[in-house]
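K.L.:
missing the sequence, but the structure's below:
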Ligand code: PMP
């Protein structure tokens, strides 16, 4: 059966999720000679391979059934208990009342986002997201037919005054969003942490407008400076927050293990939605994680990971400080944790044009910021990852990027055209029907390597 014939059998979303130009660009990014600040990959030096090599044979011999058999959709009970213990140790008393019924084990946080979309979002349901937001969440919401409404994020997280105004405006148009999606700790892509005041205001607004909140916090344990702030879930008084966590960044993403903390009513709907997707999360992963946690080595593993990333973050910030001339008008965030920082170029400068130049002239890759904006704004922004490249490659990449920015500025000063040449433009607005599907295909293509 050839590709054209196959088309008639495909669903609308599969039919439109075709190869796009951006995939060709992503193939270039994957070449070894390119220094990629584009992905969101953890550094392999953080993977606890030796510790796991000691545990896995025992798991297979002594926990054969739990590791190899189908298990409950809710997840392994002992793993849930270990997670609760870990959360109480890390978060304190705020989680003292957590029980296994408040937890669902998932195939990492991406599945949790998908399941939440399945139970909460129907075609044309309105969802509020940050400008910018994690691409994988935008993809999961859009796949269920969501209409996305973007609210700007500043140095303190989602701008709650603009959020309130947006909700008033939408209400006037007869639109009642169901959900707010937020990454309060060291957001992907912004690197920004939501302040305590904003967290409280966001919850007040959610109550006033009767919205649920999805708190996605994969980087929470990876804080390098400053004090830990309470999760939205722990500040929530009426069970409207669904919190999503993962082992991907504190152990390794190949484990594909995460967990949802929510009101037991929500958990039971998520369980029903999960059953036809995968029956249960992989038993082998769950038992390996739980036996690893029982050794008591996880806190030291997190500490070791934090040290590695804190140092890489420092290297990237120092390189930016050293290489970016203040007269250029380039600004960047100073993330307190996580894997990314966010750069704002002068308003006239196209991040896409800069990417083409950086790939061709300096072999440096990054992700253009408009990819993370549901309204396609942010054309002069970009995301840089600092967790994966070595410190030496981070320095070289920032130096190359700075040379490209300088060349853009020089060309503009000498009157050459500087801001054309976008490689691919997605539709201007995320709306229903065709546009949403084209957008979905674009997001899927990008999220293959963006993480
Ligand atoms: N949410 C956010 C904000 C992310 O950045 C990522 C990926 N890095 C995920 C969810 C998905 O991660 P995973 O499925 O590996 O837990």
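P.N.:
It's in. Since we're looking at a predicted model, the values are computed, not measured.
K.L.:
Going by C-alpha atoms from here, please, whenever you check contacts or count neighbours.
P.N.:
Will do.
K.L.:
Show me what counts as buried in stretch 294-305.
P.N.:
Buried residues in stretch 294-305, counting neighbours by 16 or more other Cα atoms under 10 Å, are found at 298, 301-302, 304-305.
K.L.:
what sits up against that stretch?
P.N.:
By Cα atoms under 8 Å, 6 or more residues apart in numbering, the surrounding residues in contact with stretch 294-305 are 46, 48, 82, 221-222, 250-251, 292.
K.L.:
For the buried residues of stretch 294-305, give me JSON lines that also has distance to the ligand, secondary structure and pLDDT.
P.N.:
Output for the buried residues of stretch 294-305, formatted as JSON lines (distance: Cα to the nearest ligand atom, whole Å; DSSP: H, G, I helix; E, B strand; the rest coil; pLDDT from 0 to 100):
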{"residue": "298", "distance to the ligand": "17", "secondary structure": "helix", "pLDDT": "98"}
{"residue": "301", "distance to the ligand": "17", "secondary structure": "helix", "pLDDT": "98"}
{"residue": "302", "distance to the ligand": "16", "secondary structure": "helix", "pLDDT": "98"}
{"residue": "304", "distance to the ligand": "19", "secondary structure": "helix", "pLDDT": "98"}
{"residue": "305", "distance to the ligand": "15", "secondary structure": "helix", "pLDDT": "98"}
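K.L.:
For the residues you listed, give me JSON lines that also has distance to residue 72.
P.N.:
Below are these laid out as JSON lines (distance: Cα to Cα, whole Å):
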{"residue": "298", "distance to residue 72": "25"}
{"residue": "301", "distance to residue 72": "28"}
{"residue": "302", "distance to residue 72": "28"}
{"residue": "304", "distance to residue 72": "33"}
{"residue": "305", "distance to residue 72": "31"}
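K.L.:
Quick one: list the elements packing against the strand of greatest length in the chain.
P.N.:
If you go by DSSP state E, the chain has its longest strand at strand 147-154. Contacts defined by 3 or more Cα pairs under 8 Å, 6 or more residues apart in numbering; DSSP states H and E place strand 147-154 against strand 126-131, helix 160-172.
K.L.:
among these, which is nearest the ligand?
P.N.:
Across the helices and strands packed on strand 147-154, the ligand has its closest neighbour in strand 126-131 (11.5 Å, Cα to the nearest ligand atom).
K.L.:
Does at least one residue of the closest one sit close to the ligand?
P.N.:
No - taking Cα under 6 Å from any ligand atom as the criterion, strand 126-131 and the ligand are apart, separated by no less than 11.5 Å.
K.L.:
And stretch 259-266, by the same measure?
P.N.:
No - with Cα under 6 Å from any ligand atom as the measure, stretch 259-266 is seen stopping short of the ligand, the closest distance being 8.9 Å.
K.L.:
gap between that stretch and the chain center?
P.N.:
Relative to its parent chain, stretch 259-266 has a centroid offset of 20 Å by Cα atoms, centre = their mean, to the nearest Å.
K.L.:
What residues of it count as buried?
P.N.:
Of the residues in stretch 259-266, those buried (16+ other Cα under 10 Å) are 259-264, 266.
K.L.:
Let me have the residues you listed in TSV, extended by secondary structure and pLDDT.
P.N.:
Formatted as TSV, those follow (DSSP: H, G, I helix; E, B strand; the rest coil; pLDDT from 0 to 100):
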residue	secondary structure	pLDDT
259	strand	98
260	strand	98
261	strand	98
262	coil	97
263	coil	95
264	helix	97
266	helix	98
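K.L.:
just these now: which is nearest residue 72?
P.N.:
Taking Cα to Cα as the measure, residue 72 lies nearest residue 259 of these, at 14.2 Å.
K.L.:
what separates that closest one from residue 1, distance-wise?
P.N.:
Per Cα to Cα, to the nearest Å, residue 259 is found 41 Å from residue 1.
K.L.:
Please apply the same query to residue 70.
P.N.:
Distance of residue 70 to residue 1, computed by Cα to Cα: 35 Å.
K.L.:
Which one's more surrounded, these two?
P.N.:
Counted by other Cα atoms under 10 Å, residue 70 and residue 1 do not tie: residue 70 has more neighbours, with 14 against 5.
K.L.:
May I have the phi/psi pair for that one?
P.N.:
Per-residue torsions, residue 70: phi -60, psi 150 (degrees, to the nearest 10).
K.L.:
pretty sure it contacts residue 283?
P.N.:
Yes - with contact defined as Cα atoms under 8 Å, residue 70 and residue 283 form a contacting pair (6.9 Å).
K.L.:
Residue 251 against residue 51, yeah?
P.N.:
No - the criterion here is Cα under 8 Å, and residue 251 misses it with residue 51 at 11.0 Å.
K.L.:
got the contact list for residue 270?
P.N.:
104, 115-116, 119.
K.L.:
Separate out the buried members of those residues.
P.N.:
Neighbour counting by 16+ other Cα under 10 Å classes 104, 115-116 among the contacts of residue 270 as buried.
K.L.:
now, which of these sits nearest residue 273?
P.N.:
Distance to residue 273, by Cα to Cα, is smallest for residue 115 among the buried ones among the contacts of residue 270, at 6.3 Å.
K.L.:
pretty sure that closest one contacts residue 273?
P.N.:
Yes - between residue 115 and residue 273 there is a contact under Cα under 8 Å: 6.3 Å.
K.L.:
what stretches of the stretch 1-150 of the chain score poorly on pLDDT?
P.N.:
16-26 (pLDDT under 70).
K.L.:
Tell me where it has strands.
P.N.:
Here the stretch 1-150 of the chain has its strands, by DSSP state E, counting those that start in this stretch, at 35-36, 103-106, 126-131, 147-154.
K.L.:
and among those, the most buried is which?
P.N.:
Using mean count of other Cα atoms under 10 Å, the stretch among those with the greatest mean number of neighbours is strand 103-106 (a mean of 29).
K.L.:
mind listing what that strand pairs with, with the direction of each?
P.N.:
Paired strands of strand 103-106, with direction, are strand 258-261 (antiparallel) (DSSP bridges).
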